[in-house]
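1. Return atomic coordinates for the entry below.
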Amino acid sequence: MHIYLVGGAVRDKLLGKPLVDRDHVIVGARPEDLLAKGYRPVGKDFPVFLHPQTGEEYALARTERKTGRGYHGFAFHADPTVTLEEDLARRDLTINAMAEAEDGALVDPFNGARDLEQRLLRHVSAAFVEDPVRLLRVARFAARFAPLGFSVAPDTMALMQQMVRDGEIDHLVPERVWQETRKALAEAQPSAFLRVLRESGALAVLFPEIDALYGVPQRAEFHPEIDTGVHVEMVLDMAARIAPGNDVVGFCALTHDLGKALTPADALPRHIGHEHAGVAPLRRLVARLRVPTEHATLAEQVCREHLNAHRAFELKPATVLRLLSSLDALRRPERLALFLAACEADKRGRLGHADDAYPQATYLRRARDTAAAVSSEPFIAQGLQGPAIGEALTAARIAAIASLSRAES
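-> Residues are numbered from 1 along each chain as shown. Take a look at the predicted model:
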């Protein structure tokens, strides 16, 4: 029995990055061998075990055979005769198909180390096309490693384009699309995820609402980058900079301007009312991908209210309170923080504006704190009851925000 460290742990070790997950492959063993050593089985489709002391994953070396369309159309074979190279051959990218022996020796049958040096995301074999999730994984890895200069190898991009033409990605289940998207939105450069999907043709299939934004012009005095799709890419990367690793803010950034794709041609490059027009396509996207409620709710609020956040200093105190109340910010200030992060990303995700200040966020946080400090207790003490308490509380909070607004100006 031989044990190897495999996959991302080997890749990240060669890149000098900290190891987050350590996965292992065992060659020359049977399930009963591991059970006898105290390993705990967790795999449903193929033999995966947890180490009795470390809890790290250990999988028996296996091969896979395509049996149908889509992600689930595979049959797996694991027994002591499967070699390490056969196991590595079923992996998606060469940089993920390396192993490290127990003595530290690198096992690299598909030249993953060379592709690491050349900063290439390259498929291991033609079997890449058999699993449509791999297309999304490549786009996600592009989002992770783009800051290091990685790009998709031309022959791999050609395979991905073929997968789209053949309709293989049509069989992706919503949960897997969302799972990979959510991870990509938490990466360092999420714009690369969109660019890879768009070049492969998959963006138009999986995210037609996003794909429709490319080529839609905006007013140059407000958006020097002009193209709305390019703007969304810039907002995504700014969101990753402002709220690193936060996929909720990332999803809000991704979907905040969907209404611009619906602007009539004779109205361009103005987009009057796009913040309201974007709600319907956002809801379609959310329903199709089964996006979690937390993401969907805040994304709709960002879509609808981001312009109000930008002009916060111009809003009437009653409108400021309505905005805060719609976010439930008085009870949950963390929601306001996420909302403001997405709005700031929108404001700074423009050509030449990356380092702009966003004082609106400070003002709205202060307005929230000022309103939240107003208590209903004095009104109860005055003998007010029922709706009258709420009305008095609202009026007092509006007055408090008005005082803050005068002080700010």
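2. only C-alpha atoms for contact and neighbour calcs from this point on.
-> Noted.
3. In a strand, residue 19, correct?
-> No. Under DSSP: H, G, I helix; E, B strand; the rest coil, residue 19 falls outside any strand and is assigned coil.
4. I figured it hits residue 6, correct?
-> No. Residue 19 sits out of contact with residue 6 when judged by C-alpha atoms under 8 Å, with a separation of 11.8 Å.
5. Give me the nearest residue to residue 189, chain neighbours excluded.
-> Among residues not flanking residue 189 along the chain, residue 143 sits closest, at 4.8 Å (C-alpha to C-alpha, 6 or more residues apart in numbering).
6. Who are the contact partners of the one you found?
-> By C-alpha atoms under 8 Å, 6 or more residues apart in numbering, residue 143 lies in contact with 184, 187, 188, 189, 190, 191, 192, 193.
7. same question, residue 355
-> Contacts of residue 355 (C-alpha under 8 Å, 6+ apart): residue 348.
8. What is the neighbour count of residue 13?
-> If you count neighbours by other C-alpha atoms under 10 Å, residue 13 ends up with 11.
9. ok, and it, which helix or strand is that part of?
-> Element membership of residue 13, judged by DSSP states H and E, is helix 8-15.
10. again, but for residue 214
-> Using DSSP H and E, no helix or strand contains residue 214.
11. Mind pulling the model confidence for residue 42?
-> On pLDDT, residue 42 comes in at 85.
12. separation between it and residue 7?
-> Here residue 42 is placed at a distance of 19 Å from residue 7 (C-alpha to C-alpha, to the nearest Å).
13. Please identify which of those two sits among more neighbours.
-> Using other C-alpha under 10 Å, the more surrounded residue of residue 42 and residue 7 is residue 7, with 23 against 14.
14. Wait, the more buried one touches residue 93, no?
-> No. With contact defined as C-alpha under 8 Å, residue 7 does not count as touching residue 93 (9.5 Å).
15. Run through this structure and note the low-pLDDT ranges.
-> For the chain, applying pLDDT under 70 flags the ranges 43-46, 64-78, 409.
16. so where's the longest helix in it?
-> Counting by DSSP state H, the longest helix found in the chain is helix 387-408.
17. For this structure, which segments count as strands?
-> Using DSSP state E, the strands of the chain run over 2-6, 23-27, 40-41, 48-50, 57-60, 62-66, 74-78, 99-100, 106-107, 120-121, 151-152.
18. is it true that residue 348 touches residue 341?
-> No. Assessed by C-alpha under 8 Å, residue 348 is found out of contact with residue 341, at 10.5 Å.
19. out of the two, which sits in the more crowded spot?
-> Taking other C-alpha under 10 Å, residue 348 and residue 341 do not tie; residue 341 has more neighbours (25 against 21).
20. Let me see the contact set for the more buried one.
-> 239, 242, 243, 249.
21. Give the ChimeraX command for selecting the buried subset of those residues.
-> Entered in ChimeraX, the line below selects the buried ones among the contacts of residue 341, by 16 or more other C-alpha atoms under 10 Å:
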select :239,243,249
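22. now the contacts of residue 341 as CSV including distance to residue 376?
-> CSV is the format used below for the contacts of residue 341 (distance: C-alpha to C-alpha, whole Å):
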residue, distance to residue 376
239, 37
242, 36
243, 35
249, 33
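23. of residue 19 and residue 6, who's got more company?
-> Neighbour totals were compared for residue 19 and residue 6, and residue 6 leads with 23 against 12 (other C-alpha under 10 Å).
24. who are the neighbours in contact with residue 185?
-> Shown in contact with residue 185 (C-alpha under 8 Å, 6+ apart): 236, 240, 245, 246, 247, 250, 251.
25. Kindly indicate which of those residues lies nearest residue 27.
-> residue 245 (35.6 Å; C-alpha to C-alpha).
26. Distance-wise, check that closest one relative to residue 215.
-> 29 Å.
27. One more: residue 16?
-> For residue 16, the distance to residue 215 - C-alpha to C-alpha - is 39 Å.
28. more crowded one of these two?
-> For residue 16 versus residue 215, the count of surrounding residues by other C-alpha under 10 Å is larger for residue 215: 13 against 9.
29. Over to the more buried one: give its phi and psi.
-> Per-residue torsions, residue 215: phi 90, psi -10 (degrees, to the nearest 10).
30. isn't it right up against residue 232?
-> No. Using C-alpha under 8 Å, residue 215 makes no contact with residue 232, being 11.8 Å away.
31. Distance to residue 294 for the strands of the chain - can I get that in CSV?
-> Shown next, in CSV, are the strands of the chain (distance: least, C-alpha to C-alpha, whole Å):
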stretch, distance to residue 294
strand 2-6, 35
strand 23-27, 31
strand 40-41, 33
strand 48-50, 32
strand 57-60, 30
strand 62-66, 36
strand 74-78, 33
strand 99-100, 39
strand 106-107, 43
strand 120-121, 33
strand 151-152, 32
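32. among the ones you listed, which is nearest residue 86?
-> When these are compared by C-alpha to C-alpha, strand 62-66 sits nearest residue 86, at 6.4 Å.
33. where's residue 265 relative to residue 235, distance?
-> Distance from residue 265 to residue 235, counting by C-alpha to C-alpha: 24 Å.
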